[in-house]
Each structure stands twice: as structure tokens, then as C-alpha cells.
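Trainee: kindly return the folded structure for what I paste below:
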Amino acid sequence: MNLIIIEDEKPAARLLQRKLEKMGLQASTMLHSVEEAVNWFQNNPHPELIFLDIQLSDGLSFEIFEKVDIRSAVIFTTAYDEYALRAFKLNSVDYLLKPIDEDELAVAVDKFRATIQAKTAPFDFETIRKMLSMPAEKSFKTRFTVKIGPQLKVIHVDEVECFYSENKGTYLHTTDNRDYLIENTLETLEQELDPKQFYRISRKFIVPMRCIREIVMYSNSRLKLMLPTYKSEEVIVSREKVSDFKSWIQ
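Mentor: Below you'll find the model as predicted:
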């Protein structure tokens with residue numbers, strides 16, 4: 001398979017290359033900017049497949065397709081899921097969110113092999129342009145990877161009973177009564193979690209609606225929440241959040 005990688009961060013490009021090599025694939029070329037890619041495509045045969053980062057050092061990679069008529073299939077590699085994911089699907093290959101999971105990478109390559117095989121797929125730039133002008137449906141975080149000694153453990157959001165901050169760290173507490181340190185801050189989690197399912201009740205806690213077992217009145221016009229297993233301290237809805245919290249649970 002003839003493929004190239006277009007990625008402005010060279011360590012990320014090399015990491016993707018190593019993951020592809022584990023699958024028996026080798027990128028013939030690595031490009032790192034819009035200008036470099038345009039020059040290369042103007043002077044070289046186009047590959048069957050491009051692994052393409054969206055935000056390059058000198059602009060969006062969509063600019064490449066404005067300047068060169070590219071007929072290669074594309075698998076997007078991006079840290080920004082707001083870039084019209086539905087449009088990426090219309091290109092009938094795939095997109096991968098960074099950090100790239102090896103299993104998801106294998107699925108994307110298998111999809112290309114199954115649907116494209118030796119043929120090339122046209123890049124519908126006009127469709128992409130139109131979709132970018134429309135609000136994309138936001139996707140939310142569905143799992144967390146936590147480190148336990150030398151091992152990594154994947155925890156699905158359905159297993160989370162609450163998130164809380166303590167001693168400048170952020171933790172998730174699971175329904176089996178375990179606590180894990182995570183890298184995300186509560187501020188980041190507010191943006192990553194589905195607001196229909198999770199609510200930040202105070203500076204210290206984010207809770208999922210499904211884990212609220214009881215709500216009781218508390219001092220100073222606040223509310224106290226009873227969760228299934230979390231007993232380390234009281235889970236209190238701050239006074240300024242009470243009104244919005246009541247609207248949220250309804």
C-alpha cells in the first residue's frame with residue numbers, strides 16, 4: 001500500500017509511523033506543512049492513502065485541496081472533533097482522534113482496504129466546505145485511561161460515580177468504590193462530558209444524574225446528594241448552583 005503522512009508535529013508523525021509499522025505498513029513520505037505538501041503533490045505521483053492532520057504549522061490542511069487536485073483516499077488524524085466529523089464520514093474512509101488508539105487505527109486501515117482496496121477515492125472538498133459552515137454535532141468523552149502502577153486501565157463513563165478534586169489533583173470514583181487519579185481538571189471535564197448526564201455541582205464535584213440516590217436539604221440553602229458508594233465526605237450542591245441544578249434534574 002502506498003501511503004504518506006502529513007503531520008506538523010514530527011514526534012506525532014514518527015509515533016504514527018511506528019504504529020503503522022506494527023501493522024506491516026510503511027509511509028513512503030512524511031510532510032509537515034501545507035506549503036510542503038502542495039509542492040510534493042505537484043511533483044510526485046499521488047498515493048493511495050493519506051494520513052492527514054487538519055491543523056498544520058502554516059494553516060488548515062484543507063488549503064492543500066484548494067491548490068492541488070488530489071484523488072487519494074484520506075484518513076484524518078486530528079485533536080479537534082469539532083471539524084465536521086459528519087463530513088469526514090462522507091469521504092467513506094475515517095477519522096482518528098489524537099492520541100491515536102492502535103485498535104482504532106487498525107479498524108480505519110481495514111475499512112480502507114475493504115471499501116477502497118487498490119482504487120482511489122476522490123476528496124469532495126466542496127462537501128467538506130459546506131459541512132464546515134454547519135454546526136457539527138458535538139461528541140463527548142466516553143472513557144478514561146488511568147495508570148495503575150505499570151499498567152493502564154480503561155474506565156467507561158458508565159462506571160463513574162463522581163469526579164472530585166483533592167490536594168490539587170482530580171480523581172474519579174467508580175461504582176465499585178474505587179478512586180483513580182486522572183490528568184483532566186474539573187474545568188476540562190465540564191467541556192468533555194455530556195451535560196445531559198453530568199453536572200458540576202460545586203468547585204469540587206461533578207456528578208452523573210444516574211448516581212444520585214437521594215437529595216436532602218442542607219444548611220445555608222444548599223442541597224446534599226447521596227451517592228451509592230462515595231462516603232469520603234459530604235457531596236454538597238453549592239448555593240449558587242442550586243437553582244440550575246434543580247432545572248437540570250428535571
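Trainee: now do the residue positioned nearest the centre of the chain against residue 77, distance only.
Mentor: The residue lying closest to the centre of the chain (Cα atoms, centre = their mean) is residue 97, at 4.9 Å. According to Cβ to Cβ, to the nearest Å, residue 97 and residue 77 sit 8 Å apart. Any C-beta I mention is one placed from the backbone N, CA and C, and that applies to glycine too.
Trainee: same question for residue 197.
Mentor: 28 Å.
Trainee: these two: which is more packed in?
Mentor: For residue 197 versus residue 77, neighbours defined as other Cβ atoms under 10 Å are more numerous around residue 77 (25 against 14).
Trainee: show me the contacts for that one.
Mentor: Neighbour list for residue 77: 7, 16, 51, 52, 53, 95, 96, 98, 100 [criterion: Cβ atoms under 8 Å, 6 or more residues apart in numbering].
Trainee: now residue 163
Mentor: Residue 163 neighbours (Cβ under 8 Å, 6+ apart): 170, 171, 172, 173, 182, 186, 189, 205, 206, 207.
Trainee: which of these sit farthest apart?
Mentor: 182 and 207 (15.6 Å; Cβ to Cβ).
Trainee: the two: which has the busier surroundings?
Mentor: Neighbours were counted for residue 182 and for residue 207 using other Cβ under 10 Å; residue 207 has more, 25 against 17.
Trainee: so where do the helices sit in the chain?
Mentor: 10-22, 34-43, 62-67, 85-90, 102-115, 125-132, 186-192, 242-249 (DSSP state H).
Trainee: packing partners of the last one?
Mentor: If I follow you right, that is helix 242-249. Here helix 242-249 touches strand 222-226, going by 3 or more Cβ pairs under 8 Å, 6 or more residues apart in numbering; DSSP states H and E.
Trainee: if you average the pLDDT over the strand it packs on, what comes out?
Mentor: Averaged over strand 222-226, pLDDT sits at 94.
Trainee: returning to that earlier point: residue 219: which of the helices of the chain is closest?
Mentor: Of all the helices of the chain, helix 242-249 comes closest under Cβ to Cβ, at 12.4 Å.
Trainee: got the buried residues for the closest one?
Mentor: Going by neighbour count (16 or more other Cβ atoms under 10 Å), the buried part of helix 242-249 is residue 245.
Trainee: so how far is that helix from its chain's centroid?
Mentor: Offset of helix 242-249 from its chain centre (Cα atoms, centre = their mean, to the nearest Å): 28 Å.
Trainee: PyMOL command to pick out the buried ones of the contacts of residue 77?
Mentor: Remark: buried members of those, expressed as a PyMOL selection using 16+ other Cβ under 10 Å:
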select buried, resi 7+16+51+52+53+95+96+98+100
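Trainee: which among the contacts of residue 77 gets closest to residue 41?
Mentor: Nearest to residue 41, judged by Cβ to Cβ, of the contacts of residue 77 is residue 52 at 11.8 Å.
Trainee: against residue 111, how distant is the closest one?
Mentor: Taking Cβ to Cβ, one finds residue 52 at 15 Å from residue 111.
Trainee: by mean pLDDT, which helix or strand of the protein comes out lowest?
Mentor: helix 85-90 (a mean of 45; mean pLDDT, DSSP states H and E).
Trainee: could you measure from residue 240 over to residue 206?
Mentor: With Cβ to Cβ as the criterion, residue 240 and residue 206 are 16 Å apart.
Trainee: please say which of those two ends up with more neighbours.
Mentor: Neighbour count, other Cβ under 10 Å: between residue 240 and residue 206, residue 206 has more, with 20 against 11.
Trainee: tell me what that one is bridged to.
Mentor: Bridge pairing for residue 206 (DSSP bridges) gives the partners residue 163, residue 200.
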